[in-house]
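> return a 3D structure for these sequence lines:
(2 chains)
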Amino acid sequence: MKIATWNVNSLKVRLPHVLQWLAQEQPDVLALQETKTEDTSFPATDLEAAGYRVVYSGQKTYNGVAVLSRQPAADPVTDIPGLDDPQRRILAVTVDGWRVVDLYVPNGSEVGSEKYGYKLDWLGKVRDWLHAESQKHPRLVVLGDFNIAPDDRDVYDPKAWHEKILCSTPEREAFRGLLGLGLSDTFRQFEQPEKSYTWWDYRMNGFKRNLGLRIDHILASEGIRQDCRVCRVDTAPRALERPSDHAPVVAEFRCG
DNA sequence: ATGGTCGGTAACCGA
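Now for the predicted structure:
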């Protein structure tokens, strides 16, 4: 089972990159964030022609998540029970007995802002929901744009980002809270190159200078963490013309 | 030097 996550920052603009990447990598599952596409204009036909089933939860202008899968996706959930939120940020589906939870965690804007409060509240409610999901599904993968750099080694300049958004202690505690559900940060199960990141600001030639943060993650439940064979960032799409500001992250699991 | 670049959408907001 090869499963990946990619914040595409507009699926309409990035569709050629996504189709190219699917053809090259042939993942079993690809979770997308920031599709910025209403469901009525989701490019289902193009993706199905590429051999993928599509499930999506979008809205106008902002947010939007989708899961592409080679096998059919069952039991979709688009809302956290008990959280009445118009923002389309979560999508859970079951593929081949694997529960896949696609998250687009709020950015939070600035520490202490209203959006920051929403982010922390949202993360708390997601944690409660994922606790219930983990009881129901022994094979659980939680992946997406978490908008949290878990550790200083996930930040190109930890001093400059000290207690800044994406790096603040409450955000990192919320991330550790998810790990406390028995979820493993699959990227850190393996030796990795130093200065591995998944997002680089469009400004200041951030990618060329590798001024990045690792904020996109693939978490695996206790039942499958030992089956994870590799987790890596694919920086190649970030170097293309007109790229997303995020790179895909891929994890491969031994099956059965 | 406190900027800078994208995407969506139509003057700015969000990231």
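
> contact partners of the helix or strand that contains A:Asp46?
Assigned by DSSP states H and E, A:Asp46 falls within helix A:44-49. Helix A:44-49 is contacted from outside by A:15, A:18-19, A:22, A:54, A:56, A:68, using Cβ atoms under 8 Å, 6 or more residues apart in numbering. Yep, even glycine has a C-beta here, placed from its N, CA and C like the rest.

> what helices or strands is the helix or strand following it leaning on?
Counting by DSSP H and E, the next helix or strand C-terminal to helix A:44-49 is strand A:53-57. Other elements packing on strand A:53-57 under the criterion 3 or more Cβ pairs under 8 Å, 6 or more residues apart in numbering; DSSP states H and E are helix A:44-49, strand A:65-69, strand A:73-77, strand A:90-95.

> and those as JSON lines, adding mean neighbour count and mean pLDDT?
Shown next, in JSON lines, are the helices and strands packed on strand A:53-57 (neighbours: other Cβ atoms under 10 Å; pLDDT from 0 to 100):
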{"stretch": "helix A:44-49", "mean neighbour count": "14", "mean pLDDT": "98"}
{"stretch": "strand A:65-69", "mean neighbour count": "25", "mean pLDDT": "98"}
{"stretch": "strand A:73-77", "mean neighbour count": "14", "mean pLDDT": "98"}
{"stretch": "strand A:90-95", "mean neighbour count": "24", "mean pLDDT": "98"}
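
> residues from the stretch 51-200 of chain A in reach of DNA strand B?
A:60-62, A:106-107, A:109, A:115, A:147 (Cβ under 7 Å from any atom of the strand).

> and the lengthiest helix in chain A, how far from the chain's centre?
Criterion DSSP state H: the longest helix present in chain A is helix A:114-136. Distance of helix A:114-136 from the chain centroid (Cα atoms, centre = their mean, to the nearest Å) equals 15 Å.

> by contact count, what packs against that helix?
Counting by 3+ Cβ pairs under 8 Å, 6+ apart, helix A:114-136 packs on strand A:98-104, strand A:140-145, helix A:169-179.

> hmm, 10 Å instead?
Applying 3 or more Cβ pairs under 10 Å, 6 or more residues apart in numbering; DSSP states H and E, we find helix A:114-136 packed against strand A:90-95, strand A:98-104, strand A:140-145, helix A:169-179.

> contact partners of the helix or strand just after the last one?
Sequence-wise, the next helix or strand beyond helix A:169-179 is strand A:184-185, with elements assigned using DSSP H and E. Where contact means Cβ atoms under 10 Å, 6 or more residues apart in numbering, the residues beyond strand A:184-185 that reach it are A:146, A:150-151, A:154, A:175-176, A:178-179, A:214, A:217-222, A:224-226, A:228, A:231.

> apply 6 Å and report the result again.
The contact list for strand A:184-185 (Cβ atoms under 6 Å, 6 or more residues apart in numbering) reads A:220, A:225.

> next secondary structure after it?
Defined by DSSP H and E, the subsequent element after strand A:184-185 is strand A:199-200.

> so how far is that following strand from its chain's centroid?
That offset, for strand A:199-200, works out to 13 Å (Cα atoms, centre = their mean).

> could you do stretch A:89-108 as well?
Taking mean C-alpha positions (Cα atoms, centre = their mean), stretch A:89-108 and its chain are 8 Å apart.

> give the buried residues for that stretch.
Within stretch A:89-108, the residues scored as buried using 16 or more other Cβ atoms under 10 Å are A:89-96, A:98-106, A:108.

> then stretch A:146-155?
Result for stretch A:146-155 [16+ other Cβ under 10 Å]: buried residues A:146-150, A:154-155.

> out of those, who's nearest DNA strand B?
Proximity to DNA strand B was ranked across the buried residues of stretch A:146-155 by Cβ to the nearest atom of the strand; first place goes to A:Asn147, at 6.9 Å.

> how much space between the closest residue to A:Val93 other than its chain neighbours and DNA strand B?
Residue nearest to A:Val93 in three dimensions, not counting chain neighbours: A:Ala73, with 3.8 Å by Cβ to Cβ, 6 or more residues apart in numbering. As judged by Cβ to the nearest atom of the strand, to the nearest Å, A:Ala73 and DNA strand B stand 24 Å apart.
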